[in-house]
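Undergrad: Sharing a model prediction with you, sequence too.
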Amino acid sequence: MIKVLIVEDSIAAQQLLTHILNGEPGIQVIGTACNGAEAIKFVNKIKPDVITMDYYLPDATGLQVAREIMETKPVPIIIVSATWTADQYSEAFNLMEAGAVGTMKRPPGPGHSEHESLAKELVQLIKSMSEIKVVRRLPKFKGKQFEAAQIPFLARRIVAIGASTGGPPVLDTILSQLPADYPYPITVVQHIADGFLDGLVNWLQPKCKLKIHIATNNQALEPGHIYIAPDRFHLGVTAQEQTMLSTAEPEHGIRPSVCYLFRSIAKIYGSRAIGILLTGMGKDGAEGLKLMRENGAITIVQDKDTSAVFGMPNEAIKLGAAQFILPPDKIAQSLILQQTSDQQKR
């Protein structure tokens, strides 16, 4: 039985979510909280398997509450809200930075055209998130010391990054450190709920010196630009060094798929690529990263201590796909060192 705590200041919303979740076999709402203090008090007494939380609470921000829970008794937190404005998207991604693992629109009441589909999505998300083991988020992580990877010189590179659960704050850490003159295109697949991609780009762009695009078809891959796969399309590359979007079947139940991107990069760029697989549940990207390594690419996975969910990186490690296992800041430093090395050897 999956035990759920609902943190929501609206009594009507509490009742709606309770009705949806208690109506699903295998899920039980074990409590509700109207504010942050109640939520923290509840978690300290009875640890739920999953928490659904509104982005705004009357006595504290959701960010403060998520931070305290993740620093003391970590539980998968899903941000569920009725409406999403640009400011609320930013708050949702800040909550992910604090440790929240998912976001979605709150289902409307019965009779609404979206009720059934969003209720089903909420149930599935709770079931999926209940299976992950989240890690304690220390205020300042003090773990193993890592050196940045020494990546050998090769001209005309491309970087391919795949991420899922917990990915947005890690992308922020890596991409925000890259200098404005970074000389290679970067392609990204981030598993994210439909409709949240614009918010992700708007959240990342002010902190990033490189231009971020939601990829379109046949777009030239320019140095120092970032191309993120759009909702419901696989992202690949062509021999003409352009983006390629596809509606081919989902892989691992997902479109866009990290594996699709990595296979395409391996085929076109071979040893001139750098593949990076970040936090996420499941196996997407592991086999693709292995193919990239077999084709001579440099391959990096995020380490366990900093991964919100170690599923995807761990699968890649088990397949022998990872040359380097690094925390996000060292991944960024490795890319910067590689840039400097390449420029010196030209």
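TA: All right, it came through fine.

Undergrad: quick one, strands of the stretch 51-200 of the chain?
TA: 77-81, 102-105, 158-163, 186-190 (DSSP state E, counting those that start in this stretch).

Undergrad: What residues of the last one count as buried?
TA: Using 16 or more other C-beta atoms under 10 Å as the test for burial, strand 186-190 gives Ile186, Thr187, Val188, Val189, Gln190. Backbone N, C-alpha and C define where each C-beta goes, glycine included.

Undergrad: would you list these in a markdown table and tack on distance to Asp329?
TA: As requested, those are exported to a markdown table (distance: C-beta to C-beta, whole Å):
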| residue | distance to Asp329 |
| --- | --- |
| Ile186 | 17 |
| Thr187 | 21 |
| Val188 | 18 |
| Val189 | 22 |
| Gln190 | 19 |
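
Undergrad: Any chance of the residues you listed in TSV with pLDDT as columns?
TA: Shown next, in TSV, are the buried residues of strand 186-190 (pLDDT from 0 to 100):
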residue	pLDDT
Ile186	98
Thr187	98
Val188	98
Val189	98
Gln190	97
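
Undergrad: From these, pick the one nearest Ala98.
TA: Closest to Ala98 out of these is Gln190 (17.9 Å), distances taken as C-beta to C-beta.

Undergrad: Low-confidence ranges, the stretch 201-346 of the chain, go.
TA: Counting by pLDDT under 70, the stretch 201-346 of the chain shows low-confidence ranges at 339-346.

Undergrad: And the chain, split by domain according to the record?
TA: The chain breaks down into these domains under automatic domain parsing: 2-130, 158-345.

Undergrad: how far does the longest one sit from the chain's center?
TA: Put plainly, it is domain 158-345. Its chain's C-alpha centre and that of domain 158-345 lie 11 Å apart, by C-alpha atoms, centre = their mean, to the nearest Å.

Undergrad: Select, out of the strands of the stretch 51-200 of the chain, the one closest to Phe233.
TA: Taking C-beta to C-beta, strand 186-190 is the member of those nearest to Phe233, at 10.1 Å.

Undergrad: Can you tell me the strand partners of the closest one and which way each runs?
TA: strand 158-163 (parallel), strand 225-228 (parallel) (DSSP bridges).

Undergrad: Alpha carbons of the longest one, as CSV, please.
TA: What follows is strand 158-163, C-alpha atoms only, in CSV (Å, rounded to 0.1, in the frame of the first residue of the first chain):
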residue,chain,number,x,y,z
ILE,A,158,29.1,17.8,-29.7
VAL,A,159,27.7,17.2,-26.2
ALA,A,160,24.6,15.1,-25.5
ILE,A,161,22.9,15.1,-22.1
GLY,A,162,20.1,12.9,-20.9
ALA,A,163,18.2,13.4,-17.6
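
Undergrad: Just give me the neighbour total for Ile11.
TA: 10 (other C-beta atoms under 10 Å).

Undergrad: Apart from its neighbours in sequence, what residue is nearest it?
TA: Leaving out its chain neighbours, the residue that sits closest to Ile11 by C-beta to C-beta, 6 or more residues apart in numbering is Cys34, at 7.7 Å.

Undergrad: In contact with that neighbour, which residues?
TA: Cys34 sits next to Glu8, Asp9, Ile11, Gln14, Pro58 when contact means C-beta atoms under 8 Å, 6 or more residues apart in numbering.

Undergrad: looking at those, which has the most residues close by?
TA: Ranking these using other C-beta under 10 Å puts Glu8 first, with 25 neighbours.

Undergrad: So that one sits against Gln15, correct?
TA: No - the pair Glu8 and Gln15 fails to qualify as a contact (C-beta atoms under 8 Å) at a distance of 9.6 Å.

Undergrad: which residues of the stretch 201-346 of the chain fall in strands?
TA: Counting by DSSP E, counting those that start in this stretch, the strands of the stretch 201-346 of the chain are 211-214, 225-228, 234-237, 243-246, 273-277, 298-302, 324-326.

Undergrad: what about the ones you listed, which gets the closest to Ala66?
TA: Counting by C-beta to C-beta, Ala66 lies closest to strand 298-302 out of the strands of the stretch 201-346 of the chain; the figure is 20.5 Å.

Undergrad: contact partners of that closest one?
TA: Contacts of strand 298-302 (C-beta under 8 Å, 6+ apart): 149, 151-152, 170, 273-279, 289, 292-293, 312-313, 316-317, 321-328, 331, 334, 338.

Undergrad: ok, Thr85 - how many residues close by?
TA: 10.
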